[in-house]
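In: using only what follows, build the 3D model:
(chains A, B, C and D)
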2 protein chains.
Amino acid sequence: MDGRRPTLEDVAAHAGVSRALVSIVIRGAAGASDATRERVLASAAELGYRPDPRARLLARRRTRLLGTSFGAHYPFHADILEGIYLAAEPAGYDVALSAHTPSRDEHRAVESLLDYRCEALILLGPQTSELRLAQLGRRLPVVVVARPVRDRSVNVVRTDDEAGVRAAVAHLVELGHRDIVHVDGGRAPGAVERRRGYRVAMRGHGLPERIRPGGLTEEHGVAAAQTLLSGPEALPTAVVAFNDRCAVGVLDTLSRAGVSVPGDVSLVGYDDDRLSRHLNLTTVAQNAPRIAAQAVDTAVARLDGAECASHETVIPPQLTLRGTTGPPAG
Amino acid sequence: MDGRRPTLEDVAAHAGVSRALVSIVIRGAAGASDATRERVLASAAELGYRPDPRARLLARRRTRLLGTSFGAHYPFHADILEGIYLAAEPAGYDVALSAHTPSRDEHRAVESLLDYRCEALILLGPQTSELRLAQLGRRLPVVVVARPVRDRSVNVVRTDDEAGVRAAVAHLVELGHRDIVHVDGGRAPGAVERRRGYRVAMRGHGLPERIRPGGLTEEHGVAAAQTLLSGPEALPTAVVAFNDRCAVGVLDTLSRAGVSVPGDVSLVGYDDDRLSRHLNLTTVAQNAPRIAAQAVDTAVARLDGAECASHETVIPPQLTLRGTTGPPAG
DNA sequence: TTGAAAGCGCTAACAA
DNA sequence: TTGTTAGCGCTTTCAA
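Out: Numbering: from 1, shown residues only, chains lettered A, B, ... in the order given. Model (predicted):
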């Protein structure tokens, strides 16, 4: 079937030089004549040589590995992952992935990253306790994405969620809405900030707060919309949902109950999922590529010894107007 | 900051035995007295020793690594991933993950898995050509999930998509529908089979086929529903969508156009995403945990030398009746 | 510019 | 039952 893959040694023999020289050439390090370089490269290509990352990792002083933990079920994490791969390569780092799922918790995901001697950790929306994050942060550079952390031993890259929701509310108020409900994110990362943004904005406009418990999935949106439909109070004229998935649940439930969006009720999501673009959902966009690039930059900067890289990078969100918001009916 | 992590050597010194013995104990291999075993374990615990997987992988004859490639943006892949982690552990295998994204193609994802000397590959819904899959399959055990492959050098685990769609159509016909549209999956994995299931079923019932080009995201559903709404022909009384995401697009577009589901139009999805459960969508469920377990089992069987493990395992889908199907209006 | 040699932390014969 | 020893495939001084 397989047959051993060629090693440095094989390439060296084939090219008639020492292993050390091959290593130098493969790594693109200085110290080999152009002639040798060419010959080695030719041999390597001919044999189909590919360096063994395990051995490389073991031998090198540095692993140049960026450990990234993510939630397997979060589309937003997938977007960021893509950006991390993109940014890591030119910086000379490899990415080690570790997923957490309902049955494989974050702790295990992180432990496995640590076992592989990742030099820094990028944690996407971690639910881990502040205490544990701080412990990790004292051990190696840790970049927490999409969640604020007070402890200064970890770095944070996140969207200014509070501002995002404030902008959403401002937009609705501008359109003439006064009865605006927030379907919140419960204990999800970022939920506190978005809730605060809503409250601050409503108070600022002198409007009464109406918050419904929600969460980060469609089902939460469905449930919240149902309480809105069946509750004793009148329907609001607008809803700001925790995220796009939640908004989809709200949208769907309202539409199917004969409530027109945005005719009767305006709706704003959060994230700018691929989804929202095509459901024509007004939403607050998080800049995933920029968040990813910043996370990698921060990790690399810390690794390069910039101890005092700024603790937190807050990236501005962008209100994206589409078809689910309009003036109130009355 | 860090300080070197303890090695086998450290544990050996601390316990006053040789490295070999520690290795034996840590691996749980036979050949150490209970007393020694206990002492070594105690030392390891005290020092917080964790084996270095790179070194272990390098030294071992076998890596016991199952390489898994997946699409970062596919929720269904996430479900399967979870099952793979679950099944791999008791089988004594580790899982190496490699994501493909729009900017990091499957080829790269697979190469990196190969570099890490994975013993077998589990490819989730690969778009790779049959030719390349066959080449891979001759090199090491390869299990392709959720897509049929004729070439017998790879193993396949998939849902009987044709039967799934046939069941969906049968259900609609039973309810009295005669004008049933299929919004298909275009070139997506599984699309051919589902389309065939639709055609076979419609022909079997003596009904005319109406297929609309679709795809695997909400946007495809939205687009297809729009052509349905604006086209010259009458709306069908039922729609079978390629998958749940596509169905959500259809559902949303119809609802917002004032078309009641299932009052005016019945709708069936495919996959049984988390999503569909809470949008109360009638759908065809793929059994992700079972698919995952079967994929791991197959890979392990092939690794254990069962060359002739059956080429293909087809898992029955399950029509799941919920609230988006009902009798036609007339 | 090149090569020899010593590790990286582990496993697995083999010998004691 | 235990210890010795030789790798796994690479990087990285240090000499030549």
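In: please make it C-alpha for all contacts and neighbour counts, starting now.
Out: Fine.
In: is any part of stretch A:26-33 close to chain B?
Out: No. Stretch A:26-33 lies apart from chain B when judged by CA under 8 Å from any CA of the partner chain; the minimum separation is 15.1 Å.
In: so how far is that stretch from its chain's centroid?
Out: 37 Å (CA atoms, centre = their mean, to the nearest Å).
In: name the surrounding residues that touch it.
Out: A:Leu21, A:Ile24, A:Val25, A:Leu41 (CA atoms under 8 Å, 6 or more residues apart in numbering or on different chains).
In: among these, name the buried ones.
Out: A:Leu21, A:Val25, A:Leu41 (16 or more other CA atoms under 10 Å in any protein chain shown).
In: distance of the first one from A:Arg60?
Out: This points to A:Leu21. 16 Å (CA to CA, to the nearest Å).
In: picking that back up, could you dump the buried ones among the contacts of stretch A:26-33 into TSV with distance to B:Val296 added?
Out: Shown next, in TSV, are the buried ones among the contacts of stretch A:26-33 (distance: CA to CA, whole Å):
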residue	distance to B:Val296
A:Leu21	41
A:Val25	39
A:Leu41	38
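In: same for DNA strand C: which of these are within range?
Out: A:Leu21 (CA under 7 Å from any atom of the strand).
In: now, the buried ones among the contacts of stretch A:26-33 that are in helices?
Out: Counted as lying in helices by DSSP state H, out of those, are A:Leu21, A:Val25, A:Leu41.
In: what about the stretch 1-150 of chain A, any weak spots by pLDDT?
Out: Scanning the stretch 1-150 of chain A for pLDDT under 70 picks out the ranges A:1-3.
In: DNA strand C contacts on that one?
Out: So far as CA under 7 Å from any atom of the strand goes, the stretch 1-150 of chain A lies against DNA strand C at A:16-21, A:30-37, A:55, A:58-60.
In: so which of those reach DNA strand D?
Out: Checking those against DNA strand D by CA under 7 Å from any atom of the strand, the ones in range are A:Arg19, A:Ala20, A:Leu21, A:Ala55, A:Leu58, A:Ala59, A:Arg60.
In: just the buried residues of those.
Out: For these, a burial check counting by 16+ other CA under 10 Å picks out A:Arg19, A:Leu21, A:Leu58.
In: hang on, the first one packs against A:Leu8?
Out: Yes. At 6.0 Å, A:Arg19 and A:Leu8 qualify as touching, with contact defined as CA atoms under 8 Å.
In: in a strand, that's where A:Ala32 is, yeah?
Out: No. Using DSSP: H, G, I helix; E, B strand; the rest coil, the assignment for A:Ala32 is coil, not a strand.
In: quick check: it vs chain B, distance?
Out: A:Ala32 sits 26 Å away from chain B, going by CA to the nearest CA, to the nearest Å.
In: so where's the stretch 201-330 of chain A uncertain?
Out: A:307-309.
In: up against chain B, what does it have?
Out: Counting by CA under 8 Å from any CA, the stretch 201-330 of chain A sits next to chain B at A:217-219, A:222, A:249, A:251-253, A:255-256, A:258, A:260-261, A:275, A:278-279.
In: which non-adjacent residue is nearest A:Val165?
Out: A:Gly197 (5.3 Å; CA to CA, 6 or more residues apart in numbering or on different chains).
In: and if you look at A:Ser112?
Out: In space, A:Ser112 is closest to A:Ser98, 7.4 Å off (CA to CA, 6+ apart).
In: and that neighbour, backbone torsions?
Out: Per-residue torsions, A:Ser98: phi -150, psi 120 (degrees, to the nearest 10).
In: please apply the same query to A:Val183.
Out: phi -90, psi 110.
In: mind listing what's buried in the one helix or strand A:Val300 maps to?
Out: Element membership for A:Val300, per DSSP states H and E: helix A:288-303. Using 16+ other CA under 10 Å as the test for burial, helix A:288-303 gives A:288-300, A:302-303.
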